[in-house]
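Q: Got a predicted structure plus its sequence, pasted below:
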Amino acid sequence: MKKLFTCVMVMLLSAMMLLSGCKSVVDKQNTTEAPAEQTALETKAPDSGYDETSPKSAEWFDSAVFVGDSVTLKLSYYCASHPEALGAAEFFCAGSLGYTNALWAVDDPEAVHPYYQGATHKVEDCCELTGKKNVFIMLGMNDIGLYGTKGAMDSCKQLVSDILAKTPDARIYIQSVTPMIKSAEMESFNNTLVKEFDGMLKDYCTANNYKYLDVFSAVADKDGNLPDEYCSDPDSMGLHFTDAACEMWANYLKNNA
């Protein structure tokens, strides 16, 4: 009996030492070997506030604001006549708005800013005034040709920082820039550059635990172009949407936000 008791105690002590050793290895890996980006993500993720359940109802978007240029402006017109699309979402859009000129002062003579409650405001102020926490951003189309993909990305990071400075608990959803029809492509702005920039946006969202939404792929054809039938201005700019494309966009958001 005594011999049996001794054997059991030895086994228990060995197991405790093994468990203790495993814990110290895990702790060491987490504190000394894990990349800084991974540690930041693991720390931030539980407090991100994102609702990962899908699909979303139209009413879920009552707490959302959409920041964008003329492409999103078209979505706002669609939603105004189709309340079943994105509920009571609010839109802060302006033609030619971009990540870069959104940073300019309101009184800058060349500035482009959204109009809200009877006055022109910077994007971050519009978001703060509504008190809504889900912020969907689609900009960059008006930046790429002027500032390149890197310049556009630098401005994107600054604008997101400005929004979070005013609304620290905002949940950031960054939507990809959307494609244009093949015939509208230019050397300084084309679908290849758009996809390059969208890849940078995706990497940025992954590194900062923001939600990236690939609207580009939701509306593009197999060759990565906007189909002519989804384009409302095929004979001019070749990048704005029809109602059918806006419906696809809204459904994509419901299924992926």
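A: Now that the structure is in, tell me what you want to look at.
Q: Now do the strands in the stretch 51-200 of the chain.
A: Listed in chain order, the strands of the stretch 51-200 of the chain (DSSP state E, counting those that start in this stretch) span 64-68, 90-93, 115-116, 119-120, 134-138, 171-175.
Q: elements contacting the fifth one?
A: Okay, so that is strand 134-138. Other helices and strands packing on strand 134-138, by 3 or more CB pairs under 8 Å, 6 or more residues apart in numbering; DSSP states H and E, are strand 64-68, helix 141-166, strand 171-175. Using the backbone N, CA and C atoms, a C-beta is placed for each residue, glycine as well.
Q: Looking at those, which is nearest to Ser54?
A: Relative to Ser54, the nearest member of those by CB to CB is strand 171-175, separated by 12.9 Å.
Q: List the neighbouring strands of that closest one plus their orientation.
A: When pairing is defined by DSSP bridges, strand 171-175 lines up against strand 134-138 (parallel), strand 211-213 (parallel).
Q: Pick the most deeply packed of those strands.
A: Per-residue neighbour counts averaged over each of those give the maximum for strand 134-138, namely a mean of 24 (mean count of other CB atoms under 10 Å).
Q: Name the spans of this structure whose pLDDT lies under the cut-off.
A: Counting by pLDDT under 70, the chain contains low-confidence residues at 1-48.
Q: all helices of it, in order?
A: 2-28, 36-44, 70-81, 123-130, 141-166, 191-208, 215-219, 243-256 (DSSP state H).
Q: if we can go back for a sec, quick one, which of the helices and strands packed on strand 134-138 is packed in tightest?
A: Mean neighbour counts were compared across the helices and strands packed on strand 134-138 using mean count of other CB under 10 Å; the top stretch is strand 64-68, at a mean of 25.
Q: now the angle between helix 141-166 and that strand, please.
A: Put simply, strand 64-68 runs at 140 degrees to helix 141-166, going by axes from the mean of the first three to the mean of the last three CA atoms, to 10 degrees.
Q: Give me the helices and strands touching strand 64-68, please.
A: With contacts defined as 3+ CB pairs under 8 Å, 6+ apart, the packing partners of strand 64-68 are helix 70-81, strand 90-93, helix 123-130, strand 134-138.
Q: Okay, Gln57 and Asn255: tell me how far apart.
A: No Gln there; residue 57 is Ser. Counting by CB to CB, to the nearest Å, the gap from Ser57 to Asn255 is 12 Å.
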